[in-house]
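Participant: my questions concern the predicted model and sequence given below.
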Amino acid sequence: MSLETLVQTLGLPGIAVGTVVEGDAVAFLGGVLAHRELLPFVGVVLAAALGGAVIDNVMFLIGRYAGHRAIVRKQLARGPVPALQARIERHRVTTILGFRFIYGMKSVGAILIGMTPISWLRFALLDVAATLLWATVFCGLGFGVGGTIRSVFGHMKLHLHLGLAAAIFLFGVLLVWLGLRWWNRHKEDPR
């Protein structure tokens, strides 16, 4: 079975399920697939948003009903989570709209928001708007990178096209991570 056949077989449900597991990368690669005209762009955006909203709401409910358990609290006391928790207390709506754009904080952010008194309905409504924006951005980036790859290298086999796009995505994540590390170091010690 070729990769093209696999993509067409799994299709949009595969994008939705994939974004539950690894949202940013799957949405990005879904945009590349839309550029290749294997899947419709709007369908990819909606499938990615659906997967993102499902996992956000599951994590919110975990925070709501299990967030005060010792094992969850222990996991939430590490890394940048306490700073995010303080921000949530001050800016609930903007945090709900923006936490999924912080790489690696999507699940934790939804759990922390679930631990606040905000209603599930309010979270769910704001989350739908935010996941649609997130999916449009990441699928659009993938679509654009797919077009750039085709402009530079011409028509490639799908597995090579996706591999190169994935490498570009990972390089972008690395650059963002290094930039944030640099920013945090210089913010703390401006010498």
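Facilitator: Now that the structure is in, tell me what you want to look at.
Participant: elements contacting the lengthiest helix in the chain?
Facilitator: Counting residues, the longest helix found in the chain (DSSP state H) is helix 120-153. Judged by 3 or more CB pairs under 8 Å, 6 or more residues apart in numbering; DSSP states H and E, the packing partners of helix 120-153 are helix 23-35, helix 41-66, helix 92-98, helix 158-188. C-beta: built from backbone N, CA, C; applies to glycine.
Participant: turn these into JSON lines, including mean pLDDT.
Facilitator: Output for those, formatted as JSON lines (pLDDT from 0 to 100):
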{"stretch": "helix 23-35", "mean pLDDT": "90"}
{"stretch": "helix 41-66", "mean pLDDT": "94"}
{"stretch": "helix 92-98", "mean pLDDT": "81"}
{"stretch": "helix 158-188", "mean pLDDT": "83"}
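Participant: relative to residue 111, which of those is closest?
Facilitator: Nearest to residue 111, of all the helices and strands packed on helix 120-153, is helix 41-66, at 3.7 Å by CB to CB.
Participant: quick check: angle from that closest one to helix 23-35?
Facilitator: Counting by axes from the mean of the first three to the mean of the last three CA atoms, to 10 degrees, helix 41-66 lies at 170 degrees to helix 23-35.
Participant: give the buried residues for helix 41-66.
Facilitator: Judged by neighbour count using 16 or more other CB atoms under 10 Å, the buried positions of helix 41-66 are 41, 44-57, 59-64.
Participant: hang on, the earlier thing: next, the angle from the longest helix of the chain to helix 41-66.
Facilitator: Using the same axes, to 10 degrees: helix 120-153 against helix 41-66 is 140 degrees.
Participant: may I see the buried residues of helix 120-153?
Facilitator: Buried, per 16+ other CB under 10 Å, within helix 120-153: 123, 126-128, 130-143, 145-146, 149.
Participant: what about that helix, average pLDDT?
Facilitator: On average, the pLDDT along helix 120-153 is 93.
Participant: run the chain-centre distance for it.
Facilitator: From the chain centre to the centre of helix 120-153 is a distance of 9 Å (CA atoms, centre = their mean, to the nearest Å).
Participant: quick one on the thing from earlier: can you lay out the helices and strands packed on helix 120-153 as CSV showing distance to residue 105?
Facilitator: Formatted as CSV, the helices and strands packed on helix 120-153 follow (distance: least, CB to CB, whole Å):
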stretch, distance to residue 105
helix 23-35, 11
helix 41-66, 11
helix 92-98, 10
helix 158-188, 12
